[in-house]
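Trainee: Structure of the sequence below:
(chains A and B)
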Amino acid sequence: MSIENLRKEYENIEIPKEIDVKIYKSIIKGVDFMNKKKSRRKLYTGTVAGIVAGICVCFITSINMVPSFAETMSNTPVIGEVAQYLTFNKVEDEKVVTTIFEENTELKISYPKIDGMKDTVIQDKINANIKKEILSVAKRLAAEANVVKSSIEAAIGDTIIVTYSYVTSVNNNEYDQSFTLTLDKNTGEVLTRTMK
Amino acid sequence: LDDKHNVIKAKGGCVDSFVDLIEARKGKIYKIAYSYVKNQQDALDILQDVTYKAFISIKTLKDSKIFDSWLTRIVVNCAIDFLRKRKKMLYVDDTSQLIQENSTCKSNIESELDLYTALDVLDEKHKTVIILRFFEDYTIKEIAAILDWPLNTVKTYLYRALGLLKIELKEGENYVN
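Mentor: You can find the predicted model right below:
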């Protein structure tokens, strides 16, 4: 008995007919597995993309809808810079609103001025309109009562909203009167004026 | 030449090319598996396992040239895995396993005799070296690459296996005579 004999026996190992069926079966199993793997991966990336998109939408809406949230975000290092790009009303415009000018007439009246708009003609028109409105109300009030204090707030969106209030005193009683003025940002026209 | 082309195509996910490759090597896979387990059903199970594993992992094969030794490595690993699992089963279910073994032995007894008794004295590693060197005609270098062993380890195992085989064969012959 030698290695040659063993080798002959090895060569003579009979190969069963079922062998092709077995190969076929395992290839089907393999193809199945690969397909499942693919679809699983698709499902996974789909879910992740969905969640990320959801978070982004939440983030963008809250930045634009909730001013205090936007402010907090702009103070955080990395997110703040990203948040700036995602804010539709740029911070630039809002800052401008706080510049308040005082006019020395019989009353001391403050009114806001808008700055930094691209269209300077419209900007001037808006500023002139705000000034005109506030002064006219102040004058009317001055004829009726003593104006003690005045304060002004403004916010910018598609329309510019200016709220201002006066404290008047009649017979030593103090009354608070608030006014809201809205202007079209694009045309500079006064849209509404309301009194509370 | 054709093989090389098929390997590249199979790596890219072509099922037909993969089937061609396996079809051309089915006898080799089956014979190697059979040498370990020594019965048709188990050898076919191993072949099925090898085909499946090769199919789902051919993408990871870096060098198309080494497809054959890569496939051989899968066959050897699957066969050894199979034997280990069967060993564990033996402990769990002693008697039924014995009955099964007896029946398969009887059915194949004529063709298997010498190959069985001879290779049976060897453990998995020695068996692997003998099968690859003398039955599949791989060089020692190629075997070292397939098994990922150092060259000298392969040589040591080969000489020791030959020594063990000769002794066993002689005793066998004496017994027959």
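Trainee: ok, the one residue in chain A that gets nearest to chain B - how many residues close by?
Mentor: Using CB to the nearest CB, the single residue of chain A nearest to chain B is A:Gly30, 3.5 Å away. No exception for glycine: its C-beta is placed from N, CA and C like everyone else's. Using other CB atoms under 10 Å in any protein chain shown, A:Gly30 has 20 other residues around it.
Trainee: got the contact list for it?
Mentor: B:51-52, B:55-56 (CB atoms under 8 Å, 6 or more residues apart in numbering or on different chains).
Trainee: what does A:Lys29 give?
Mentor: By CB under 8 Å, 6+ apart, the contact set of A:Lys29 is B:Tyr52.
Trainee: gap between it and A:Lys36?
Mentor: Per CB to CB, to the nearest Å, A:Lys29 is found 11 Å from A:Lys36.
Trainee: re earlier: can you tell me which of the contacts of A:Gly30 are up against chain A?
Mentor: B:51-52, B:55-56 (CB under 8 Å from any CB of the partner chain).
Trainee: ok, and the most crowded of these?
Mentor: B:Thr51 (27 neighbours).
Trainee: which secondary structure element contains the residue nearest to it when sequence neighbours are not counted?
Mentor: Nearest residue to B:Thr51, sequence neighbours excluded (CB to CB, 6 or more residues apart in numbering or on different chains): A:Ser26, at 4.1 Å. Taking DSSP states H and E as the criterion, A:Ser26 maps to helix A:19-65.
Trainee: Helix or strand next in line after that helix, which one?
Mentor: Criterion used, DSSP H and E; the element after helix A:19-65 is helix A:67-75.
Trainee: That following helix packs against which elements?
Mentor: For helix A:67-75, the helices and strands in contact under the criterion 3 or more CB pairs under 8 Å, 6 or more residues apart in numbering or on different chains; DSSP states H and E are helix A:19-65, helix A:77-86.
Trainee: Columns mean pLDDT on top of those helices, output as CSV?
Mentor: Supplementary listing: the helices and strands packed on helix A:67-75 in CSV, determined by pLDDT from 0 to 100:
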stretch, mean pLDDT
helix A:19-65, 86
helix A:77-86, 68
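Trainee: Show me what residue of chain B gets nearest to chain A.
Mentor: Closest point on chain B to chain A, by CB to the nearest CB, is B:Phe55, at 3.5 Å.
Trainee: got a list of what that residue touches?
Mentor: A:26-27, A:30-31, B:18.
Trainee: Residue ranges in chain A under the pLDDT threshold?
Mentor: Chain A contains residues with pLDDT under 70 at A:1-2, A:80-81, A:83-110, A:115-116, A:118, A:142-158, A:169-170, A:196.
Trainee: Spell out which parts of it neighbour chain B.
Mentor: A:1-3, A:5-7, A:9-10, A:12-16, A:18-20, A:22-23, A:25-27, A:29-31, A:33-34.
Trainee: Count the residues that sit near B:Asp148.
Mentor: 7.
Trainee: do the same with B:Lys31
Mentor: 20.
Trainee: isn't there a strand covering A:Thr163?
Mentor: Yes: according to DSSP: H, G, I helix; E, B strand; the rest coil, A:Thr163 belongs to a strand.
Trainee: burial measure for it, as a count.
Mentor: When neighbours are defined as other CB under 10 Å, A:Thr163 has 16 of them.
Trainee: Surely it and A:Ser178 touch.
Mentor: Yes: contact criterion CB atoms under 8 Å: A:Thr163 and A:Ser178 qualify, at 6.2 Å.
Trainee: Just want the most central residue of chain B.
Mentor: B:Ile32 (3.4 Å; CA atoms, centre = their mean).
Trainee: which one is it nearest to, not counting chain neighbours?
Mentor: Per CB to CB, 6+ apart, closest to B:Ile32 is B:Val75, 5.0 Å.
Trainee: OK, contacts around that neighbour?
Mentor: Neighbouring residues of B:Val75 by CB under 8 Å, 6+ apart: B:29, B:32-33, B:46, B:50.
Trainee: The residue lying closest to B:Phe18 once chain neighbours are set aside: which element?
Mentor: Leaving aside its chain neighbours, B:Phe18 sits nearest to B:Ala10 (4.0 Å; criterion: CB to CB, 6+ apart). B:Ala10 belongs to helix B:2-11 when elements are defined using DSSP H and E.
Trainee: picking up where we left off before, quick check: buried residues in the helix or strand harbouring the residue nearest to B:Ile32?
Mentor: Assigned by DSSP H and E, B:Val75 belongs to helix B:67-92. Buried residues in helix B:67-92, defined by neighbour count with 16 or more other CB atoms under 10 Å in any protein chain shown: B:67-72, B:74-80, B:82-83.
Trainee: Next, the angle from it to helix B:2-11.
Mentor: Computed by axes from the mean of the first three to the mean of the last three CA atoms, to 10 degrees, the angle separating helix B:67-92 from helix B:2-11 equals 60 degrees.
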